[in-house]
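Chemist: This is a predicted model, with the sequence first.
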Amino acid sequence: MDIGQAIQTLQENGRYTAFLNSTLQAALIVAATWLLIFLGQKVIRRVFTVGRSDPQKKETLVSLLSSVLRYVLFIVSALLIIQAYAPDFNIAPILAGAGVVGLAVGFGAQTLIRDVITGFFLMFEDQIRVGDFVSINGEVTGTVEEVGLRMTTVREWSGRKFYIPNSEIRTVNNFNRRELRVIVSATFPFEEKPARIRAFLDGVCAEATETLGEHLITDKAGNYLEPPQVIGVTDITKDERGGVYTIIAKTFPASLWHAERTIREIIWRRSLDEGIRLAYPRRVESQWPE
């Protein structure tokens, strides 16, 4: 082997060794990143557990800050890995000067920035919290599982999971607030007398109040703010089936559907027991005389 071949072999071995060293550094960076994420999330959860009486607010803060932690560490680790394979690449000016946000804008990630800003507004304006039952943009309805730095996760009642970029959230209908109003309507045929219908529905409301009990909103004295009550005829059907009567009541957000189902079941059962007819589609046939 001449001197030229020996030098070439040493250079190839040196490049191979440098590649192995860079790969080892990259592996250590990835491992350290995941460890820091794990420990950071533990610290965040511990900090926000102390002194917070609102578990939903706590979970929302933990979710958002954990998301921020993950994004920051992923970006920094990616820059460190690049530096491991390209020693001439200096990340210090990037981190000190432009910062993570400046880096994102530099790469043209305007959508990412909008997602992040919207995410902070969603949390600090208390529009949604983890565990809230919401309808977003009138298209997705379900329980909020995570409010992240870039997107919000909602799971529908059917089990389907939706990942919605924060910048695409235009309207939020939040069902988890202090109180909600139950609105249940029933249609009775014109043959039934209004006074008889009213007496029947008053009985329905009395039973519903007794049955629902703890699901209804009360004041400090323990009195119901708005127990089940009849507000009268709210519509006359255009198909000539009859008049629509409506019952309302105030209940807790988590009890809304239960209260509606209970009142409807009481109406159906008592209508059979008391002989009150509920309206249904009818067909009238006429025949020309021969």
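Modeler: Everything's here; your move. Numbers count the residues shown, from 1 in each chain.

Chemist: Strands of the stretch 51-200 of the chain, residue ranges please.
Modeler: For the stretch 51-200 of the chain, applying DSSP state E, counting those that start in this stretch gives strands covering 133-136, 140-147, 151-156, 161-165, 172-174, 180-188.

Chemist: what are the pairing partners of the shortest one, and which direction each?
Modeler: The pairing partners recorded for strand 172-174 under DSSP bridges are strand 133-136 (antiparallel).

Chemist: which outside residues touch the partner strand?
Modeler: Applying C-beta atoms under 8 Å, 6 or more residues apart in numbering, the set of residues contacting strand 133-136 from outside is 128, 141-144, 152, 154, 164, 169, 171-176, 253. No exception for glycine: its C-beta is placed from N, CA and C like everyone else's.

Chemist: Show me what the mean pLDDT comes to for the helix or strand where Ile248 lies.
Modeler: Assigned by DSSP states H and E, Ile248 belongs to strand 243-251. The average pLDDT for strand 243-251 rounds to 94.

Chemist: before we move on, back to that, can you redo the strands of the stretch 51-200 of the chain as JSON lines, where the extra columns are mean neighbour count?
Modeler: JSON lines is the format used below for the strands of the stretch 51-200 of the chain (neighbours: other C-beta atoms under 10 Å):
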{"stretch": "strand 133-136", "mean neighbour count": "19"}
{"stretch": "strand 140-147", "mean neighbour count": "19"}
{"stretch": "strand 151-156", "mean neighbour count": "20"}
{"stretch": "strand 161-165", "mean neighbour count": "14"}
{"stretch": "strand 172-174", "mean neighbour count": "14"}
{"stretch": "strand 180-188", "mean neighbour count": "18"}
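
Chemist: Compare those and give me the one nearest His258.
Modeler: Each of these was scored for nearness to His258 using C-beta to C-beta, and the closest is strand 180-188 (9.5 Å).
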